[in-house]
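A.B. asks: turn this into a model:
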Amino acid sequence: MPQAIVPLCPTTASDLRDLVGVELGPTDWHTVDQRVIDAFADLTGDHQWIHVDVERAAASPFGSTIAHGLYSLSRTPTFMEELMAFDGFAHSLNYGYDKVRFVRPLPVDSRIRMRAVVLSADESAPGRIQLLTRLTVEAEGVEKPICVAESIGRFTERGAA
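C.D. replies: Next comes the predicted model:
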């Protein structure tokens, strides 16, 4: 039985700076089945056949439907919560992404997980820090990553002005 991941719990800017260069993860595996792909298509309105038409996609070069690239990216905040808890901060927010790449297609019924490496932790004011983290979403049995992105998070320590 897999061992449960216990997320890191940084509470200060110093704690975040100490994580620069550290690889976090991987997370647990998560299955991406056709039900999940269809739900994402309904949510986003992106019903391109390669995602939702099982019969037509089976005849494609991919051999099956594939998940939306943005599905993999949209899972990264949840994956990050498996790796790190930010409850100790007064505020934490996703400020955006840089250098997003969808390296490989994600076939239906794949299992994905994520690794993260903290690239930088820059203090913009006392108790306020911007964290740049490289997120790598990988699929079981696939040599190259599915998605690689740099996530920008902003954090404010409790009691910071």
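A.B. asks: contacts for the longest helix along the chain next, please.
C.D. replies: Using DSSP state H to define each element, the chain has its longest helix at helix 69-83. Contact with helix 69-83 is made by 5, 7-8, 24-25, 27-28, 30, 32, 36-37, 40, 44, 46, 94, 97, 100, 102, 106, 112-114, 116, 133, 135, 137, 146-147, 149, 151, as judged by C-beta atoms under 8 Å, 6 or more residues apart in numbering. All C-beta spots, glycine's among them, are computed from the backbone N, C-alpha and C.
A.B. asks: name the next helix or strand downstream of the lengthiest strand in the chain, please.
C.D. replies: The strand that spans the most residues within the chain, counting by DSSP state E, is strand 110-125. The C-terminal neighbour of strand 110-125 among helices and strands, as given by DSSP states H and E, is strand 128-139.
A.B. asks: report pLDDT for T12.
C.D. replies: Predicted confidence (pLDDT) for T12: 81.
A.B. asks: ok, and the closest non-adjacent residue to it?
C.D. replies: E157 (5.7 Å; C-beta to C-beta, 6 or more residues apart in numbering).
A.B. asks: also L93?
C.D. replies: L93 sits nearest to R154 (C-beta to C-beta, 6+ apart), 5.4 Å away.
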